[in-house]
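A.B. asks: what's the 3D shape of this:
(one chain, ligands or ions: 2)
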Amino acid sequence: MTVPAKRGKFITFEGIDGAGKSTHIAFIVDFLQQHGKTVVSTREPGGTPLSETLRELVLHQKMHLETEALLVFAARREHIAQVIEPALERGDWIVSDRFTDSSFAYQGGGRGLALAKLEALEEWVHPALQPDLTLLFDVPLEVARARLDATRELDKFEREQADFFLATRQGYLARAEKFPHRIIIIDSTQPIAQIQQRLTTILGQLLN
Ligand SMILES: Nc1ncnc2c1ncn2[C@@H]1O[C@H](COP(=O)(O)OP(=O)(O)O)[C@@H](O)[C@H]1O
Ligand SMILES: Cc1cn([C@H]2C[C@H](O)[C@@H](COP(=O)(O)OP(=O)(O)O)O2)c(=O)[nH]c1=O
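C.D. replies: Numbering: from 1, shown residues only. Ligands and ions are numbered 1, 2, ... in the order given. Predicted coordinates for the structure are as follows:
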């Protein structure tokens, strides 16, 4: 008889655009692999062919706010079924660049969609699944903007105005206040090396 694998852990990265989360993902994946974990690195919206197609629509087309919310959750439903749940059941660890906290921050905080609607979608799409750990990379808006302008071509969200991102950041901080047991706020104005040192301490605790 085969013994079922110990369920893997689910880690999510969050923050406003330009906060610095992508910078740390490869580092974390590498750290976990060095500690013997099989890691699946993925992202939202996206992570499956269908969800990546939905991502293209969400990031580049204008649409009604509720359509946007429904599409990110549709992409998520597919992602959970095809990638996240199977990996966790195999005992693999998932590192996801964004998850449902992004919907609360962007569609809820930034765009102003009623949180009750997002809660209903969350309850529908993943009633029993939450990340084991969420790293929220937090920076003042000006810092994020300066970092973004220095790097890349901007998508639909990244071209939003300051008040959108102020509300998005507030949306994240409200989520962190509500779920302090899983969301850790990382001060992303610190130097990268210092942040990585903190990340290894936090991840070390999850490994034990
Ligand atoms: N702690 C930091 N200090 C200085 N620059 C940073 C820091 N973190 C990230 N950056 C830089 O900011 C830019 C945006 O970072 P990125 O990780 O792509 O942000 P995000 O994925 O959150 O949008 C990159 O050029 C990156 O090198
Ligand atoms: C997962 C998710 C993302 N988003 C937005 C936030 C980001 O601006 C965008 C995804 O971009 P992002 O993950 O920041 O990718 P990149 O670093 O390549 O720009 O999608 C939502 O609005 N709602 C969601 O539920």
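
A.B. asks: Which parts of this structure are strands?
C.D. replies: With DSSP state E as the criterion, the chain has strands at 10-14, 39-43, 93-97, 133-138, 183-187.

A.B. asks: What average pLDDT does the third one get?
C.D. replies: With pLDDT averaged residue by residue, strand 93-97 scores 98.

A.B. asks: who's in contact with the nearest residue to Gly171 once chain neighbours are set aside?
C.D. replies: Nearest-residue entry for Gly171: Gly109, 2.1 Å, with adjacent residues in sequence omitted and distances by C-beta to C-beta, 6 or more residues apart in numbering. In this view, the C-beta of every residue, glycine as well, is placed from N, C-alpha and C. The contact partners of Gly109, by C-beta atoms under 8 Å, 6 or more residues apart in numbering, come to 167-172, 174.

A.B. asks: List buried residues within those residues.
C.D. replies: By neighbour count, with 16 or more other C-beta atoms under 10 Å, the contacts of Gly109 hold 167-169, 171-172 as buried.

A.B. asks: Share the number of residues neighbouring Glu66, please.
C.D. replies: Close neighbours of Glu66, defined as other C-beta atoms under 10 Å, add up to 13.

A.B. asks: no wait, Leu32
C.D. replies: Neighbour count for Leu32, taken as other C-beta under 10 Å: 20.

A.B. asks: how close does it sit to Leu136?
C.D. replies: Summarising the geometry, the distance separating Leu32 from Leu136, computed by C-beta to C-beta, to the nearest Å, is 19 Å.

A.B. asks: show me where the chain has helices.
C.D. replies: Listed in chain order, the helices of the chain (DSSP state H) span 21-34, 49-60, 65-79, 85-90, 100-103, 115-125, 141-149, 162-178, 192-207.

A.B. asks: Tabulate the ones you listed (CSV), appending mean pLDDT and distance to Val40.
C.D. replies: Conversion of those to CSV gives the following (pLDDT from 0 to 100; distance: least, C-beta to C-beta, whole Å):
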stretch, mean pLDDT, distance to Val40
helix 21-34, 96, 9
helix 49-60, 98, 14
helix 65-79, 98, 11
helix 85-90, 98, 5
helix 100-103, 98, 18
helix 115-125, 98, 19
helix 141-149, 88, 27
helix 162-178, 96, 24
helix 192-207, 97, 16
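
A.B. asks: can you list those helices in a markdown table and add distance to Lys9?
C.D. replies: Formatted as a markdown table, the entries for the helices of the chain read as follows, by distance: least, C-beta to C-beta, whole Å:
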| stretch | distance to Lys9 |
| --- | --- |
| helix 21-34 | 9 |
| helix 49-60 | 21 |
| helix 65-79 | 17 |
| helix 85-90 | 8 |
| helix 100-103 | 17 |
| helix 115-125 | 20 |
| helix 141-149 | 28 |
| helix 162-178 | 19 |
| helix 192-207 | 6 |
